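[1] Pasting a predicted model and its sequence here:
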Amino acid sequence: MRSFLYYLYERRLLLQVRGRQVPRHLGIILDGNRRYALAHGVPDFREAYALGAEKLDEVLEWCAEIGITAVSLWVFSTDNFRRPAGEISGILSAVESKLRRLAGHPRSRRLGLRVRAVGKLDLLPDSTIDAIRAAEEATASNRAMHLTIALAYGGRQEIIDAVQAMLREKSKQGEDMQTIIEGISEETIGQYLYSPDLPDPDLIIRTSGEIRLSGFLLWQSAYSEFYFCDAHWPAFRKVDFLRAVRAYQQRERRFGG
């Protein structure tokens, strides 16, 4: 009976969401894998990370069902390198496995999924880099949905990298410092961010009850709507997803006006 009521509620939410505008670009901070493991008596954190990686398949299907065409996931931050070596290897192993499956799975073709990774990728092990390149190359011709995976990522570092890249390019073009300074604008810096072709995220979801961004898409999230969900990432449900989208739709977006 409970599962039937849950099904009816899910269908009701889906009908409500489909009748209104959905986010073009959804950002998700995947949080709570370790806490999920502790809460469910999972002795090996790697199992929780693997479950979290599998959750992505469901979420991508949910996004496609309502017409979201860009999804950015924060999977591993630069700060995560401070964690124990075994935990880091568990996270990256789950990421590598998921990337390889995305590269060859029929679902990626059906969804028109194009995969890209952003961040300080040079800090990652060669096996992770190889998995990233394989997924990017295998899905390069897909256009229906853009999946951006933030690895070894920090929002402040992205802005630093963008400014440095801009200065290097302008200098190579022979511009003097005063001309470079006068030419700096939001649009100029935006061209050098990791994913300059994507629109800014309309909605950012963070799982596991933490109420902060922790540096995710700092530049791009100036006018994003935020939704904080108590569910740990491996336990994130379709109703949680639909509630987040519904909350976004119920807000009046003024963009500073």
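    All right, it came through fine.
[2] Show the contacting residues for the closest residue in space to His232 that isn't next to it in sequence.
    Nearest residue to His232 in three dimensions, chain neighbours excluded: Gly32, at 3.1 Å (Cβ to Cβ, 6 or more residues apart in numbering). All C-beta spots, glycine's among them, are computed from the backbone N, C-alpha and C. Counting by Cβ atoms under 8 Å, 6 or more residues apart in numbering, Gly32 touches Thr207, Ser208, Gly209, Ala231, His232, Trp233, Pro234, Ala235.
[3] confidence score at Gly32?
    Note on Gly32: pLDDT of 90.
[4] show me where pLDDT drops low in the stretch 1-150 of the chain?
    Scanning the stretch 1-150 of the chain with the threshold set as pLDDT under 70 gives 1-2.
[5] Now do the SS call for Thr195.
    Check again: residue 195 is Ser, not Thr. Look at Ser195: counting by DSSP: H, G, I helix; E, B strand; the rest coil, its state is coil.
[6] May I have stretch 50-57 exported as CSV, CA atoms only?
    Extracted in CSV, the C-alpha atoms of stretch 50-57 (Å, rounded to 0.1, in the frame of the first residue of the first chain):
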residue,chain,number,x,y,z
ALA,A,50,29.6,2.6,-6.2
LEU,A,51,26.0,3.0,-5.2
GLY,A,52,26.3,6.7,-5.7
ALA,A,53,27.8,6.2,-9.1
GLU,A,54,24.8,4.0,-10.1
LYS,A,55,22.4,6.7,-8.8
LEU,A,56,23.5,8.9,-11.7
ASP,A,57,21.8,6.6,-14.2
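[7] Give me the buried positions along that stretch.
    With burial defined by 16 or more other Cβ atoms under 10 Å, the residues of stretch 50-57 counted as buried are Ala50, Leu51, Gly52, Ala53, Lys55, Leu56.
[8] which one of those sits closest to Tyr9?
    Top of the list for closeness to Tyr9, among the buried residues of stretch 50-57 and by Cβ to Cβ, is Lys55 at 19.9 Å.
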